[in-house]
Each structure stands twice: as structure tokens, then as C-alpha cells.
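[1] Give me the fold of what follows.
(chains A and B, ligands or ions: 2)
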Amino acid sequence: MRRMNHFFQAIGHRMINGIWHLGAGGRLFFYVALYLLESIKRPRLIIKEVFATGVLSLLIVIVSAFFVGMVLGLQGYNTLQKYGSSEAIGVLVALSLVRELGPVVTALLFAGRAGTAITAEIGLMRATEQLSAMEMMAVSPIGRVLAPRFWAGTISMPILAVLFSMIGILGGYFVAVPVIGVDSGAFWSQMQANVDFQEDIINGVIKSVVFGVVCTMIALFEGYDAPPTAEGVSRATTRTVVYSSLAVLGLDFVLTSFMINV
Amino acid sequence: MADNLVEINNLSFGYKNRLLHKGINMVFPRGKVVAIMGGSGSGKTTLLRLIGGQLVPTKGEVLVDGEIVHQQSREKLYQIRRKMGMLFQFGALFTDLSVYENVAFPLREHTNLPESMIRDFVMLKLNAVGLRGAYHLMPAELSGGMARRVALARAVALDPSIIMYDEPFAGLDPISMGVVCNLIRSLNDALGATSIVVTHDVHETFLFADYIYFVSEGVVVAEGTPDQLKKSKMPFVHQFVHGEMDGPVPFHYPAGDYRQEMLRVPAL
Ligand SMILES: Nc1ncnc2c1ncn2[C@@H]1O[C@H](COP(=O)(O)OP(=O)(O)OP(=O)(O)O)[C@@H](O)[C@H]1O
Ligand SMILES: [Mg+2]
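    Numbering: from 1, shown residues only, chains lettered A, B, ... in the order given. Ligands and ions are numbered 1, 2, ... in the order given. Here you go, the predicted model:
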């Protein structure tokens, strides 16, 4: 009986906690939004953060994209050639990347590479009273620390995702054309004919913008909200990855269902 | 213009359910250096946070320049804080900025000075704490005492009219200690500022302070000018000045009887 009670208490506690966090996150998002315009007047701060979040994620994005593209090329060829349409491999690789894998995998990589860095940095800034000191200097940490990082994440994500798709397509081309021997002209012309700018590319970019906002916001919130201890920061960093990944995959389904007219 | 730049009236505050301050009254007259002394954990840092408006009192109020701090709007509070400089107990330097940029931070945020003037101001403040040569270092490359001196330079970068020091002498060698001691006094007199110094160091404090408050168990237990306190026969003051563990100021955080605890069978 006692055990049962504890069990239900624990569930209730977790639920209330979850809702509380959602509310606190929403409130922080609101505060960040208030500072966005002001923050964009100081592009230098944003550029510095774009470097930290975006540029430093470049390598991992490029390498992963190339491998993902190569795997797509292999798998795609393997299936398509059974139906005698191996020239369509260019379309398959491009569409999978532009519509889904580009935005989604980039967001997952971003959460692991840049999101964790943001959370840990802000969490440590709180733990070492840097945010407090800023407050005492009449400088809002939300405006000075969070808002530029929010811009940086939101700007870098679509760029990284587009880059991911481009490199991925190169990876697919590398496997399909020089290695397997698909006709290069067919690879490109089929791709060109079947990838729609509005339907595919713009929708992919919209996805990655949404993922950028969500992943950055989760990273910012977890850092800002982390208990000011080593353990607190480490847990917050883990949560950033878990929540970002879940949010990205869930949102991807929602966004896709809006974008595909069935 | 009120005579007292900062006034604390009947202030009570507690974290969770332990009441830390139980009706504190203090005044900080314009242009004076006032020290707050008290044992470790007696709520001195918390008191500074209350003055800075980072915490809201449970009861009572803090007046800065005649205005109740915790009732101000955010803009107004920030306006008040621009007049304040605070040295944090652990420095709280921005670890992603160099020493130079740390000291320049308040100038960059609140003024539109050209770079050449910012440079002059920063170097002036760094020179005052003896670290002009360290301007290019990152906080991680500084020793604890150096970091605190940089933090001090940053706290006074905007020439504030209220300067709060949270243990400015902790971890300093005797030479730096003397320098900082003089610095507090001379900054105060040169800027016409009001200084609030939280500290443990009895001897230094008696040298430079105009007025001293002793806090213990959440109340002010003794106060006066250094001369008055030196003559005082009050047991608190005596205990503090001579650093005795036994006396009216408890050394231990409130706890159950030690003997009882040692004898208790651990619950399985
Ligand atoms: N954020 C907090 N949450 C809960 N309790 C706290 C918090 N900060 C401080 N305390 C408690 O409040 C008490 C006073 O803390 P404070 O930092 O004000 O002491 P202090 O007088 O500055 O001590 P010291 O001289 O050691 O710096 C301590 O007993 C501490 O346990
Ligand atoms: Mg303290």
C-alpha cells in the first residue's frame, strides 16, 4: 500500500514538474522574445555566437552528411535497380535529404554539439554568479546572454541543414556515379525535374527554422534553469539532448503531416 | 536628498523556512564607509543581495536614495542599480571575456564612449588594483586574489555612488590587503561614494571604517564607530576582536546536541 502511494506520488510529482517546466519554458521564451529586436542591434554579439554554435558544428555536419548521402545512394540503388529505374537514384537521395534527413539529422547533431554547449555554458554562468553579477550591473542576462544565442541558433540551423543536404547529395552522387556507374546526366536531370523548390526545398527550410527555434530554446532554458551545482549542470545538459531529440522527432511528424497533402 | 543613501528598516528574510534576518535596522549615511561584520553564514551576502534588489524581504524594507527597492519596476530597479557597484564574494568575472573586457563591460553596456576613452578608464581602474599588466589575460589564468582585484576594478568602473564589497580581503596577501584597504577608503572619498563593506577582518575594518555593525543570529548585536567599539565591553565585540570560538556568537550552524548524535544508532 505504502509502495503504491509512493508510486502514484512519484507519477503526480513528475507530471506537475513537467507542466511547471513547460510553463517556465514558455515564460522564458516570452522574455527572450521581448529582447530580440534590441539584441539584433548588436550584430557583433550575434556573430560571435553564430561562430560558437554554427561554425563549430560545421565539421560534424559535413562529415555526417557525406556518410548519410553515401548510405542513401547504396540503399537506394539496391532497391531501385530491382525495378529497373536506377537513374531515379538522384531524386531519391535529394528528396530524402531535402525533405527529411537534412533538417532532422542536422537538428539532432546540433542538439548534441551546440545545444549541450549552450546549456553547460549558461548553467555554469549561473553557478559562478556571472548572471547575478550582470543583473547587479543593470544588464539583463536574458538580453545580453540568451537573446544573441537564440538568434545564432535560429540563424545557423537552416544554413547547416541546407549544407547537410548539399553535401549529402554529393555523397549520394559519389556512390551512384563514380562507384556504381549510374549515368551522371540522368542523376542530375532527374533530380532537377522532380525536386520542387516550393514543395521540397522551402518546406525543408521551414522545418529547420522551427527545429532551430525549438532546440536553441530548450538549450537556453535548461541552462538558465539548471541548479547552480556541477550535478545540476550535468543533468541539465543531458536533458537538453533528450528533450531536443524528442521535440525534433515529434515536431517533424506534425510538420510533415501539415506539408503533405494526402 | 535623504541623509542616508541606504536604509534598512526592520528587515526580515529567510530561505525556505529558516529565518535568517529577524528585524534588522541599519543606516548607511552618504559618503561614509560602513562595515558589516558577522560570523560565516550569518547572512551578510544575503543582506547585500537584498540591498541590490535581487531578493525580496519577507518583512520590512530596504530604501536606496529614499526608494523602496523591492517595490520598483524593472526599469526603475535597473536605474537604481546603475548607481551601485558590487564586488561579489567569489569575483564572478565573465569567464568568456578577458580582464580588459570584463572591466570594460559596464562601460560598453551603459555608455557610448569611444574606444579610446574606454581604454583610458579601464587602464586607470586596472592600475588602481595593480593589474594593468594583466589586462590581456583570461579569468582562468588569474589567481583567486587577482580575480577578486579585477572584479573590484569592474565594480567601480562606472564610478558608482554606492559600492558594496563582499569580503574584499578574503584570500589576499598582506600587501594587496593594504592596497585594497586604502583603495576602498580613497575610492569612497574621491567619488563621494557610500561604501558597504562585508568582512571578517577585524583589524583592517577597524582601521578604515567609519561605522561598524555586528550581526549575529539575524539581528544587529552591536554597532558604533571603531573607537566606541574598541572601548566597548560587549561580549560579542570582544569575542570577535579576539577570535574566540566560545562566546555569544555561535560558531556552529544550528544543530542537535553533538553527544546525542554520536550516540544515536544509525537508522537502517
Ligand atoms: N540560495 C540559497 N538557498 C537556500 N539557502 C541559502 C541560499 N544562499 C544562502 N543560504 C543560506 O543562508 C545562510 C546565509 O548565507 P550568506 O551567504 O548570506 O552568508 P554569509 O554571511 O555571507 O557567510 P560567509 O561569511 O561565509 O560568506 C547560510 O546559512 C546558507 O545556508
Ligand atoms: Mg558571504
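
[2] And for residue 119, the neighbour number?
    Going with chain A. 30 (other CB atoms under 10 Å in any protein chain shown). To be clear about C-beta, it is placed using only N, CA and C from the backbone, and glycine gets the same treatment.

[3] Switch to chain B, please.
    Residue B:119: 15 surrounding residues under other CB under 10 Å.

[4] Residue B:135 versus that one, what's the distance?
    Residue B:119 is 9 Å from residue B:135, where distance means CB to CB, to the nearest Å.

[5] same deal with residue A:193?
    Distance of residue A:193 to residue B:135, given as CB to CB: 61 Å.

[6] Kindly report the same for residue B:184.
    For residue B:184, the distance to residue B:135 - CB to CB - is 22 Å.

[7] by contact count, what packs against the host helix or strand of residue A:89?
    Using DSSP states H and E, residue A:89 maps to helix A:89-95. Packing contacts for helix A:89-95, counted by 3 or more CB pairs under 8 Å, 6 or more residues apart in numbering or on different chains; DSSP states H and E, involve helix A:58-80, helix A:147-174, helix A:184-194.

[8] Give me the mean pLDDT for the last one.
    Same thing as helix A:184-194. Averaged across helix A:184-194, pLDDT comes to 88.

[9] Check what contacts it and list those residues.
    Outside helix A:184-194, the residues that touch it by CB atoms under 8 Å, 6 or more residues apart in numbering or on different chains are A:87-91, A:93-95, A:169, A:173, A:176-177.

[10] try 6 Å
    For helix A:184-194, the external contacting residues (CB atoms under 6 Å, 6 or more residues apart in numbering or on different chains) are A:87-88, A:90-91, A:94, A:176-177.

[11] Of those residues, which is the nearest to ligand 2?
    When the contacts of helix A:184-194 are ranked by distance to ligand 2 (CB to the ion), residue A:94 comes first, at 61.1 Å.

[12] Name the nearest residue to the closest one, sequence neighbours excluded.
    residue A:191 (4.7 Å; CB to CB, 6 or more residues apart in numbering or on different chains).

[13] just residue B:137 next, same as before
    Here the residue nearest residue B:137, using CB to CB, 6+ apart, is residue B:99, at 5.2 Å.

[14] about what we covered before: of the contacts of helix A:184-194, list those near ligand 2.
    Filtering the contacts of helix A:184-194 for proximity to ligand 2 by CB under 5 Å from the ion leaves nothing.

[15] Need those residues in a markdown table (columns: distance to residue B:81, pLDDT and neighbour count).
    Output for those, formatted as a markdown table (distance: CB to CB, whole Å; pLDDT from 0 to 100; neighbours: other CB atoms under 10 Å in any protein chain shown):
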| residue | distance to residue B:81 | pLDDT | neighbour count |
| --- | --- | --- | --- |
| A:87 | 68 | 83 | 17 |
| A:88 | 65 | 87 | 19 |
| A:90 | 61 | 89 | 30 |
| A:91 | 60 | 90 | 20 |
| A:94 | 55 | 92 | 28 |
| A:176 | 63 | 89 | 29 |
| A:177 | 64 | 88 | 19 |
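
[16] And these, which is closest to residue B:9?
    Of all these, the one sitting nearest residue B:9 is residue A:94; the distance, using CB to CB, is 71.4 Å.

[17] Please report the distance of residue A:49 from residue B:79.
    For residue A:49 relative to residue B:79 (CB to CB), the value is 28 Å.

[18] Helices of the chain, residue ranges please.
    I went with chain A, as the question did not name one. Per DSSP state H, chain A carries helices over the ranges A:2-40, A:43-53, A:58-80, A:89-95, A:102-110, A:116-127, A:130-136, A:141, A:147-174, A:184-194, A:203-225, A:230-259.

[19] my bad, the chain I had in mind was chain B
    Per DSSP H, chain B carries helices over the ranges B:44-51, B:74-82, B:99-110, B:115-128, B:144-155, B:174-191, B:202-208, B:226-231, B:235-242, B:258-263.

[20] what's the most buried one of those?
    Comparing the helices of chain B by mean neighbour count (mean count of other CB atoms under 10 Å in any protein chain shown), helix B:144-155 comes out on top with a mean of 24.

[21] By proximity to ligand 2, which residue of the stretch 1-150 of chain B wins?
    Counting by CB to the ion, the stretch 1-150 of chain B gets nearest ligand 2 through residue B:45, at 3.1 Å.

[22] buried ones in stretch A:99-109?
    A:99, A:101-109 (16 or more other CB atoms under 10 Å in any protein chain shown).

[23] what do you get for stretch A:201-217?
    A:201, A:203-205, A:207-212, A:214-217.

[24] try stretch A:239-258
    Buried residues in stretch A:239-258 (16+ other CB under 10 Å): A:239-241, A:243-245, A:247-248, A:251-252, A:255.

[25] Could you single out the nearest of those to chain B?
    Nearest to chain B among the buried residues of stretch A:239-258 is residue A:240, at 19.0 Å by CB to the nearest CB.

[26] leaving aside the residues next to it on the chain, what's closest to residue B:100?
    Nearest non-adjacent residue to residue B:100, counting by CB to CB, 6+ apart: residue B:135, 4.2 Å away.

[27] Same check on residue A:104?
    residue A:252 is the one closest to residue A:104 (CB to CB, 6+ apart), at 5.4 Å.

[28] Can you report how many residues neighbour residue B:85?
    Residue B:85 has 26 neighbours, counted by other CB under 10 Å.

[29] what bridges to the residue lying closest to residue B:3 once chain neighbours are set aside?
    Once flanking residues are discounted, residue B:3 sits nearest to residue B:29: 5.9 Å by CB to CB, 6+ apart. Assessed by DSSP bridges, residue B:29 has beta-bridge partners residue B:4.

[30] what about residue B:29, how many neighbours?
    15.

[31] Touching, it and residue B:7? I think so.
    No - contact criterion CB atoms under 6 Å: residue B:29 and residue B:7 do not qualify, at 9.6 Å.

[32] Mind telling me which residue is nearest the centre of chain A?
    Centroid-nearest residue in chain A: residue A:107, 2.2 Å away (criterion: CA atoms, centre = their mean).

[33] Surely it and residue A:247 touch.
    No - counting by CB under 6 Å, residue A:107 stays clear of residue A:247, with 8.9 Å between them.
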